[in-house]
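Student: Just the structure for this:
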Amino acid sequence: MIQFTTESIDALMAQARRLEGEGNLSGAVTVYQRILGMHAGHAGAKHRLGVLRVRGGNVQAGVALLRESVQADPGLAEAHRDLGTILAQTGQPRTMRVDYFHSGGMGQEIVALDRVVSDGSWAGSRTRLIDDLNLGKYLFEVIDRDTNRPIYSRGFASIYGEWETTAEYKTLHRTFGESLRFPWPKSPVQVVLKKRDRDNSFHELWSTSIDPDSRFVNRADPPKAGNVWTMVSMKSPVVAAAIGLEAVAM
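Tutor: Have a look, this model is predicted:
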């Protein structure tokens, strides 16, 4: 049985870390739970408890605690690092987002890298990674540096591309912020941005090399922007009947 030497949260955190160091993980879990009972939003306790949950085999609960930790304290670098590592190791893909500046006007077009960051969990297709629909004014490809083969591609239309069709484009220059999103790569990649010509073929407009392990790549998940709630669920027989489907378990 763990004896709490003091009710001070700092002292309890130190006690829990000592228990972890001694290999007494169940004891450390008990202390972290005690801390969260005193202060439900304590980021440090959520972080360490999340790591221990994962080590104990409960990945889902551990990841949930780690996400709560980084939301409670976006500056807790260790929690961001551990969350990223665990998501990569457990096969839960994350999103890499490449932010760039798209500038031009009066016949000129320039693209410049802004930053490379994590954009949370990957919500796109995990099977249709190469775009063969031939749609959009622009196309980007993510190319594996070891094999020189595309591992992801998407065609799209951009705000800059729409502005390019206006009369204003012929008289001044403007800059637009744009982003490319794709599953987090496991090794260095080349991101190539292409533009469709008048003859309907694509040519390279800009490219940049990205090493996911680089210190210039921000692996921290973005702060929570707001709460998400269910508007429509197929669990509801009323909703399912309204669209001609049987209610299904989600």
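Student: what is the rounded mean pLDDT of stretch 128-148?
Tutor: Here stretch 128-148 scores 94 as its mean pLDDT.
Student: err, stretch 54-62, not the other one
Tutor: 90.
Student: What is the end-to-end distance of that stretch?
Tutor: With CA to CA, to the nearest Å as the measure, the first residue of stretch 54-62 is 5 Å from its last.
Student: What residue spans form the domains of this protein?
Tutor: Domain assignment for the chain by automatic domain parsing gives 9-89, 94-218.
Student: quick one: which of those is nearest Gly226?
Tutor: Ranking the domains of the chain by proximity to Gly226 (CB to CB) places domain 9-89 first, at 11.3 Å. Where you see a C-beta, it was placed from the backbone N, CA and C, and this is true even at glycine.
Student: how far is the closest one from where the chain is centred?
Tutor: Distance of domain 9-89 from the chain centroid (CA atoms, centre = their mean, to the nearest Å) equals 20 Å.
Student: ends of that domain, how far apart?
Tutor: One end of domain 9-89 to the other measures 31 Å (CA to CA).
Student: going forward, begin numbering at 40 instead of 1
Tutor: Sounds good: first residue 40 from here, last item domain 48-128.
Student: before we move on, the earlier item: ranking the domains of the chain by burial, who's on top?
Tutor: Compared across these, domain 48-128 shows the largest average neighbour count, a mean of 18 (mean count of other CB atoms under 10 Å).
Student: picking up where we left off before, ok, of the domains of the chain, where does mean pLDDT dip lowest?
Tutor: Of all those, the segment with the smallest mean pLDDT is domain 48-128, scoring a mean of 90.
Student: ok, back up a step: same list (the domains of the chain) but as a markdown table, adding distance to Met270.
Tutor: Formatted as a markdown table, the entries for the domains of the chain read as follows, by distance: least, CB to CB, whole Å:
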| stretch | distance to Met270 |
| --- | --- |
| domain 48-128 | 22 |
| domain 133-257 | 17 |
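Student: could you check the distance from the residue nearest to the spatial centre of the chain over to Leu168?
Tutor: Closest to where the C-alpha atoms of the chain average out (CA atoms, centre = their mean) is Gly159, at 2.3 Å. In this structure, Gly159 lies at 18 Å from Leu168, with CB to CB, to the nearest Å as the measure.
Student: Likewise for Ser192?
Tutor: Note on Ser192: its distance to Leu168, by CB to CB, is 8 Å.
Student: Between the domains of the chain, which one is closest to Val267.
Tutor: Among the domains of the chain, domain 133-257 comes nearest to Val267, with 11.6 Å by CB to CB.
Student: Determine how far the closest one lies from the middle of the whole chain.
Tutor: Here domain 133-257 is found 17 Å from its chain centre; the criterion is CA atoms, centre = their mean.
Student: What of stretch 249-259?
Tutor: Centre-to-centre, stretch 249-259 and its host chain are 12 Å apart (CA atoms, centre = their mean).
Student: And for that stretch, what's in contact with it?
Tutor: Residues from elsewhere that reach stretch 249-259 (CB atoms under 8 Å, 6 or more residues apart in numbering): 109, 113, 116, 119-120, 123, 135, 137, 154-157, 223-230.
Student: mind listing which of the residues you listed are in strands?
Tutor: Among these, DSSP state E puts Met135, Val137, Arg154, Val155, Val156, Ser157, Val228, Gln229, Val230 in strands.
Student: Just the closest of those to Val271, please.
Tutor: Ser157 (29.0 Å).
Student: so that closest one touches Val137, yeah?
Tutor: No: because the distance of 11.4 Å does not satisfy CB atoms under 8 Å, Ser157 is recorded as not touching Val137.
Student: three-state assignment of Leu263?
Tutor: Careful, residue 263 is Lys; it's not Leu. Each residue gets one of three states, and Lys263 gets coil by DSSP: H, G, I helix; E, B strand; the rest coil.
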